[in-house]
Each structure stands twice: as structure tokens, then as C-alpha cells.
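[1] Structure of the sequence below:
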Amino acid sequence: MTFRVLLIKFYKNPMKNPQGFLCLILLAASISIVQTQHLAPAQNIFMQGNNINTCFRTEGIFNYDWVTFTDRDAGFIWPVNSNIRRTAIFTTGIWVGAKVGPQRELRLSSSAYASQYSPGNIPVLGQVPPSSVCSDPSWRGYHVQLNDPSLTNGGIRTKTAGGRQYTFNYDSWANWPVAKGAPYVEVNGITGYQPSFNGDRPGIGNGMTARPEELLYMVFMDYTNCTNDTHDAEIGMPGGTLPLGVEIHQLSFMFNCPPLQNTYFVKWKFINKSQYNWDSTYISFYNDIDIGAGACGSTDDAVGCDTSRELVFGYNGDNEDCNYGTNPPAIGHRYVQTPLRYTGNNNDTAKLPYDTITGYVLTGLSGYYYQTKTSQDPCFRDPYLATEAYNIMKGKDICGRDIINPISGLPTRFRYDGDACSRTGWFDSLKYERRDDAIFGPISMNSADTQIIVMGGSITRDGGNNFQNVCTLQSLSDSVLYHYYHDFRNCIPIGIQPISNEIPQKFELHQNYPNPFNPVTTIRFDIPLLRGVDAEGTQLVTPGREGVLLKVYDALGRLVSTLVEQDLSLGKYEISWNASNFPSGVYFYSITTGSYTQTKKMVLLK
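    Now for the predicted structure:
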């Protein structure tokens with residue numbers, strides 16, 4: 001990153017803070033500020049699986065747009081159907097710090113506006129990767145679409161977000177890098193990965209069978225350019241230590257179903273690929289929240305955390321924003337799975353969606369910190385050195401001082417942990433440029449150990465004003481946690497809409513309308529109050545829900561589209577089918593439940 005770009009980012013409006021501007025100039029004289037050039041250039045991959053459009057880089061940076069603008073800009077666009085570009089996050093990065101080996105030497109790796117990570121893996125435990133890893137183009141991002149049969153073999157689609165067109169080049173499912181660690185859903189019962197639309201498919205791992213709209217998988221590690229050199233430093237990217245030897249597998253996914261249309265998920269697997277054990281390990285996510293674009297969007301934000309929910313969030317400091325207008329949104333990250341800490345106590349259990357582990361606890365959110373460019377306190381700025389960043393991870397300021405809650409007068413590891421919804425306790429009552437850190441630890445990681453963190457990021461303006469949007473965000477994050485712990489089984493694909501509160505007396509598949517049609521038609525069906533089976537033939541444990549399959553076949557009986565494959569509550573539903581990618585002709589649509597099957601004919605005329 002050039003120094004000019006740093007000035008644009010760090011001081012979008014320097015005349016509002018000339019002292020800070022001068023401070024940055026002085027820092028530039030003493031700190032190495034470089035942009036890493038990777039042997040194989042890092043990719044920028046956009047995802048748009050629902051109402052969110054955002055960018056992921058294969059070097060551990062996301063929500064940061066390096067592509068659309070020469071000087072880079074905020075990369076998290078919401079909502080996509082706005083005719084102007086509205087953004088809520090400038091960038092997000094990953095910090096990992098630990099005391100390494102018997103000497104407990106501090107090592108730390110980081111990313112934010114730039115990165116110390118490089119695409120690729122660490123093939124041999126305890127060894128620096130050979131340069132062939134960093135020049136291998138197969139260490140890229142793998143992006144698949146899971147609900148459009150025409151994209152099973154890959155393809156290109158164009159979508160609009162914020163008034164701009166984006167091109168999405170989806171991979172074939174056959175290219176899903178299972179050999180590199182990418183997870184998949186076993187469907188056909190045959191050992192190994194044999195992908196097909198109704199067979200094995202890319203998945204989110206750990207035995208979960210959820211079918212997101214989109215998945216993006218990548219691997220990166222902290223031996224920058226496959227060297228064991230000391231890490232450089234930059235704003236948001238504290239440096240000064242040797243690499244840890246951490247390998248990170250990142251899986252991003254989106255669901256296009258209410259209430260997850262405004263949520264994106266990221267799952268990380270952190271692997272200690274060094275020869276040393278790591279003590280006092282912390283993992284932190286650095287987030288530059290800017291509700292709204294431009295100088296006004298970066299200087300009127302407030303932040304906070306909800307420790308009861310493992311939720312960190314940002315919102316506008318007032319109810320007007322130059323980009324979003326009245327009622328600007330609140331955005332937050334709910335950490336639905338946090339690292340495991342070993343206790344050895346059989347009374348301790350860590351409950352996960354796919355397992356319950358005895359003798360362990362989930363760390364939960366262990367600290368929350370924010371920094372601002374307007375502070376006159378030198379201990380309250382962005383960290384540049386690894387020692388400063390590690391102080392933050394331990395729940396201190398960058399100088400190692402305790403953080404004092406002004407309400408209780410007691411030391412705390414959580415800034416602004418009051419109730420921002422009810423405006424009680426220690427909440428952010430000012431509006432400034434904010435960058436925050438969600439912190440997890442300490443944990444111990446022996447050589448070859450792994451840890452998993454899963455985050456669901458949501459945005460909303462359904463509360464009606466900037467403060468009430470925090471309340472709505474808290475509720476939305478509860479729904480995110482519920483769906484994660486239930487394998488997203490109740491995530492009804494977008495397009496399926498309950499259309500009546502009336503309780504149907506019988507199953508019924510209605511005739512589509514219009515019919516004939518070109519290219520969109522609507523299909524209605526009714527689910528009565530019965531105990532059924534799920535889409536895989538397993539008896540449901542919840543009365544009043546029914547496994548529903550709604551599929552479309554061509555005149556030769558070949559499956560062309562699966563419209564519904566979900567457990568549905570009783571009610572009347574409708575869903576639209578867009579046949580723009582199919583030729584004119586006769587088609588059949590069929591509904592199957594545990595106790596009912598019906599098929600009807602429809603005609604596509606182009």
C-alpha cells in the first residue's frame with residue numbers, strides 16, 4: 001500500500017484533525033510501510049449470495065475493495081438493490097499472536113489494509129514453505145453456487161450491487177479442492193467426492209449438511225512469500241516479529257433465505273504448523289466500521305459489544321448519514337463458534353452444532369477494544385508493533401495499562417460493554433472514526449493443533465432509527481445463532497413465501513400461474529398439520545413440520561431444478577421459478593412429502 005493510499009484511508013478528512021495528520025507523517029519516518037508483492041498475486045473475489053456484496057482477498061483480508069477504485073475503498077456493499085453504492089465496512093483483517101516455544105518468544109501475524117499472509121499452505125510441519133507454494137496458482141479462491149443446477153459445472157453470471165455491475169466466475173463443483181482441505185457433503189453413500197447437483201456437493205464441514213447459496217474457500221499462511229523474514233508493520237498490520245507458522249483455512253458462505261438475507265458467514269480453521277507449542281494464544285479480528293461512504297461516513301460512527309451474545313457491532317452516532325440518509329443501519333458480527341479451551345474437568349462441556357466435547361469450554365468473546373484517530377492519548381492509537389497489538393489482545397491498551405470502566409470504576413477487558421440498545425451502562429455516546437478488535441483467548445495450541453471460529457455478520461435498519469437498529473441487530477444475531485446450531489435446516493430458500501395464516505386441511509399442489517409462461521411462473525402448495533419425514537427420509541422429531549421436495553422435470557423426465565428441499569411448517573406457500581435458462585417446452589413439477597406426492601404439467605413458451 002502506498003503512503004498516499006494510507007493518507008486517504010487513515011485521514012479521509014485530515015483538516016478535521018491536523019494533529020493526527022502530523023502524527024501520521026512522523027510515524028511514516030520511523031515505521032516500514034510496505035505493500036507485500038506476492039509471488040502469485042493475491043486474488044480479489046466478490047461474493048453476492050443475498051443482499052450483501054463484499055470482496056475477499058486470498059491473503060486474509062475481506063470487506064475491502066482493491067478492484068473497483070484506484071486507491072481502494074470500503075468493500076462491504078449493502079443493500080445490493082440500492083441504485084447508489086452504500087457501504088458499511090471499510091476492511092476486516094485477522095490477527096494471531098502467541099508466546100512460542102520454551103523461550104515464550106512473542107510472534108504475531110496480521111492483516112487489515114495490507115497483509116502478512118500469503119496464499120498457500122505449509123506442507124511440512126515445522127518447515128518454511130518452499131517458494132513453489134507461493135508461486136502455485138492453484139492456491140486461489142474457489143467460488144461455487146449451490147442452488148442453480150446450470151452452475152454445477154461452473155459459469156459466469158453478472159449481478160448488480162449499488163448501481164454497478166459485477167461479474168462472478170463460478171467454479172465447477174468438480175474443481176472444489178477437497179484435496180486441499182475443502183469440506184463437502186456426502187450424499188450418495190460412496191466413499192470419496194463424486195459431485196452432482198443431487199449428489200455430493202461442496203459444504204461447510206464438520207458433518208453439517210446445509211446448502212448455502214454460495215461458498216468460497218481459500219487457504220493462506222503467514223510465511224510472507226514463503227520466507228521466514230520479520231513481518232513489516234503498517235496501520236492495522238502490527239509487525240516486528242518472525243512468522244508464527246499459522247495456516248488458515250477460510251470458508252465464506254451466504255444463504256438467500258429470510259432471515260439470513262442480510263447475513264454473511266465466515267468459518268476459519270487455524271492450524272499450528274510450526275514445530276513449537278504456542279502458549280497464551282489469542283486470535284483477534286480487526287474491523288474498520290464505516291457506516292456510509294466518504295469522509296462523513298468514517299467520522300460519525302459508534303461501536304460496542306454485547307458479551308452475553310459474543311456480538312460486536314457498529315452503528316451511526318446520529319440518525320442521519322450522508323450516504324444512507326435517515327435511519328442508517330447497524331452492523332455486527334456474532335461469533336457463533338469460538339475457540340475451545342481445555343480444562344480437563346469432566347463437568348465442563350463445549351456444545352457445538354455437531355458435537356459435545358467433555359473437558360473443554362468455549363472461550364467466548366474474551367476482550368473488545370477500539371481505537372480512534374482523534375485520541376490525544378498515545379496509548380490509545382492503532383498499534384504498529386506486535387507488542388502493542390498483543391497488549392490489546394490481553395485486554396489492555398497498547399501501552400499495557402488496564403482499561404477502566406468509567407461506570408463501575410473497575411478494570412475491564414471490554415470497552416463499551418453497556419447496553420447500546422437501552423442506552424444504559426458504558427455505551428459509546430460519541431461519534432468518531434472507529435476501528436475495533438474482537439478478541440478470543442488465551443488458549444494453548446500444540447504443534448499440529450487446530451481451532452475453529454465461525455462468525456455471522458449481519459446488517460439491518462429495521463429498527464427505525466440508529467439506536468433501535470442495535471436492538472434489531474441483537475435479535476437478528478440470535479436468529480443467526482439458532483440457524484447455525486440447527487444446521488440451517490429451517491432456512492427456507494428465498495422465493496418461498498407463506499401467503500396465508502389459514503391452516504390447510506390437506507396437502508395440495510396448485511396449478512402454476514401464469515400457464516403458459518415466459519420466463520417466470522408461480523407455484524403454490526399447501527402443507528397441513530401432520531407429522532412427516534424430512535427431505536432425507538428421516539422421521540422428524542418436531543410435530544407440525546413436513547419434509548418437502550418440490551422439483552421440476554423436462555418432458556424426458558430429467559431433473560432440471562430443485563425448488564424446495566426443506567422442512568416446512570404447516571401453511572400455504574408459493575415460490576417462483578425463473579426458466580430463462582431453459583428452452584420452450586412441456587415441464588412437470590412434482591411435490592413429495594413423507595405422505596403425499598403430486599405432479600402437474602406446465603408449458604414454457606418463449
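
[2] Look at the nearest residue to Ser82 once chain neighbours are set aside and report its pLDDT.
    Leaving aside its sequence neighbours, Ser82 sits nearest to Gly162 (Cβ to Cβ, 6 or more residues apart in numbering; 5.6 Å). (Each C-beta comes from the backbone N, C-alpha and C, glycine too.) Here the pLDDT value assigned to Gly162 is 94.

[3] One more: Cys305?
    For Cys305, the model assigns a pLDDT of 97.

[4] cool, and the one 4 residues further on?
    Looking at Arg309, its pLDDT stands at 95.

[5] I'd guess it is in a strand, am I close?
    No - under DSSP: H, G, I helix; E, B strand; the rest coil, Arg309 sits outside any strand and is assigned coil.

[6] any idea which helix or strand carries the residue lying closest to it once chain neighbours are set aside?
    Distance criterion Cβ to Cβ, 6+ apart; nearest residue to Arg309, sequence neighbours excluded, is Ser477 at 5.8 Å. Assessed by DSSP states H and E, Ser477 sits inside helix 468-485.

[7] What average pLDDT does that helix get?
    92.

[8] again, but for stretch 412-430
    For stretch 412-430, the per-residue pLDDT averages 94.

[9] Mind listing what's buried along that stretch?
    Buried residues in stretch 412-430, defined by neighbour count with 16 or more other Cβ atoms under 10 Å: 412-421, 426-428.

[10] end-to-end on it?
    20 Å (Cα to Cα, to the nearest Å).

[11] Over to stretch 53-73?
    14 Å.

[12] separation between Ser110 and Lys394?
    16 Å (Cβ to Cβ, to the nearest Å).

[13] likewise Asn578?
    Asn578 is 53 Å from Lys394, by Cβ to Cβ.

[14] circling back: quick check: the residue nearest to Ser82 touching Val80?
    Yes - when contacts are counted by Cβ atoms under 8 Å, Gly162 is listed as touching Val80 (6.7 Å).

[15] Overlap in contacts, those two.
    Asn53 (Cβ atoms under 8 Å, 6 or more residues apart in numbering).

[16] follow-up on the earlier one: spit out the contact partners of the residue nearest to Arg309.
    Asp306, Arg309, Leu311, Gly332, Arg334, Gly456, Ser458.

[17] do Asp397 as well
    By Cβ under 8 Å, 6+ apart, Asp397 lies in contact with Tyr369, Cys379, Phe380, Asn391, Ile403.

[18] what's the answer for Ala438, then?
    Counting by Cβ under 8 Å, 6+ apart, Ala438 has contacts Ser284, Phe285, Asn287, Cys305, Val312, His333, Tyr335, Leu365, Tyr368.

[19] Could you rank those by neighbour count and give me the top one?
    Sorting those by how many neighbours each has (other Cβ atoms under 10 Å) puts Val312 first, at 29 neighbours.

[20] got the end-to-end distance for stretch 82-90?
    Stretch 82-90 end-to-end distance (Cα to Cα) = 18 Å.

[21] And stretch 289-308, by the same measure?
    End-to-end for stretch 289-308, by Cα to Cα: 21 Å.

[22] how far is that stretch from where the chain is centred?
    18 Å (Cα atoms, centre = their mean, to the nearest Å).

[23] Tell me the buried residues in that stretch?
    By neighbour count with 16+ other Cβ under 10 Å, stretch 289-308 contains the buried residues 289-293, 295-307.

[24] Can you give me the distance of Glu310 to Tyr596?
    42 Å.

[25] Between the two, which has more neighbouring residues?
    Using other Cβ under 10 Å, the more surrounded residue of Glu310 and Tyr596 is Glu310, with 23 against 18.

[26] low pLDDT regions in the stretch 201-350 of the chain?
    In the predicted model of the stretch 201-350 of the chain, residues 294-297 satisfy pLDDT under 70.

[27] What segments of the stretch 501-606 of the chain are strands?
    Ranges of strands in the stretch 501-606 of the chain, per DSSP state E, counting those that start in this stretch, are 508-509, 520-527, 545-554, 559-569, 571-578, 585-592, 597-604.

[28] got the CA positions of the last one in CSV?
    Going back to what we said before, that points to strand 597-604. Coordinates of each C-alpha in strand 597-604 appear next as CSV, following Å, rounded to 0.1, in the frame of the first residue of the first chain:
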residue,chain,number,x,y,z
THR,A,597,-46.9,-36.9,-3.9
GLN,A,598,-48.4,-35.0,-6.8
THR,A,599,-47.3,-33.9,-10.2
LYS,A,600,-48.6,-31.2,-12.6
LYS,A,601,-47.8,-30.0,-16.1
MET,A,602,-46.8,-26.5,-17.2
VAL,A,603,-45.7,-25.0,-20.5
LEU,A,604,-42.9,-22.7,-21.2
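
[29] Now do it: which elements does it pack against?
    Secondary-structure packing of strand 597-604 (3 or more Cβ pairs under 8 Å, 6 or more residues apart in numbering; DSSP states H and E): strand 508-509, strand 585-592.

[30] That one: which residues count as buried?
    Across strand 597-604, burial judged by 16+ other Cβ under 10 Å covers Met602, Leu604.

[31] do the same with the fourth one
    Residues Val560, Ser561, Thr562, Leu563, Val564, Glu565, Gln566, Asp567, Leu568 are the ones in strand 559-569 that count as buried (16+ other Cβ under 10 Å).

[32] beta partners for the last one?
    Just to be clear, that refers to Leu568. Beta-bridge partners recorded for Leu568 (DSSP bridges): Glu546.

[33] got it, and the second one?
    Under DSSP bridges, the beta-bridge partners of Ser561 are Val552.

[34] what ranges do the helices span in the stretch 51-200 of the chain?
    Counting by DSSP state H, counting those that start in this stretch, the stretch 51-200 of the chain has helices at residues 131-134.

[35] Excluding chain neighbours, what is closest to Ala233?
    With sequence-adjacent residues excluded and distances taken as Cβ to Cβ, 6+ apart, Ala233 is closest to Gly239, at 3.6 Å.

[36] what's in contact with stretch 414-433?
    Under Cβ under 8 Å, 6+ apart, the answer for stretch 414-433 is 290, 298-307, 313, 315-318, 365, 367-370, 372-374, 403, 405-408, 434, 467-468, 470-471, 474.

[37] how does it look with 7 Å?
    Residues outside stretch 414-433 that contact it (Cβ atoms under 7 Å, 6 or more residues apart in numbering): 298-305, 307, 317-318, 367-370, 372-374, 403, 405-407, 467, 470-471, 474.

[38] Could I get the buried residue list for the helix holding Ser477?
    Quick answer for helix 468-485 (16+ other Cβ under 10 Å): 468-474, 476-477, 479-481, 483-484.

[39] mind putting those in a markdown table, distance to Tyr587 included?
    Conversion of the buried residues of helix 468-485 to a markdown table gives the following (distance: Cβ to Cβ, whole Å):
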| residue | distance to Tyr587 |
| --- | --- |
| Gln468 | 46 |
| Asn469 | 43 |
| Val470 | 47 |
| Cys471 | 46 |
| Thr472 | 41 |
| Leu473 | 42 |
| Gln474 | 44 |
| Leu476 | 37 |
| Ser477 | 41 |
| Ser479 | 35 |
| Val480 | 36 |
| Leu481 | 39 |
| His483 | 32 |
| Tyr484 | 36 |
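
[40] How about Pro149: what's its closest non-neighbour residue?
    Phe197 (4.8 Å).

[41] gap between that neighbour and Glu186?
    Distance, Phe197 to Glu186, using Cβ to Cβ: 15 Å.

[42] So which elements touch the longest strand along the chain?
    Of all the segments of type strand in the chain, defined by DSSP state E, the longest one is strand 87-100. Using 3 or more Cβ pairs under 7 Å, 6 or more residues apart in numbering; DSSP states H and E, the elements in contact with strand 87-100 are strand 61-62, strand 73-74, strand 76-77, strand 105-109, strand 278-289, helix 386-393.
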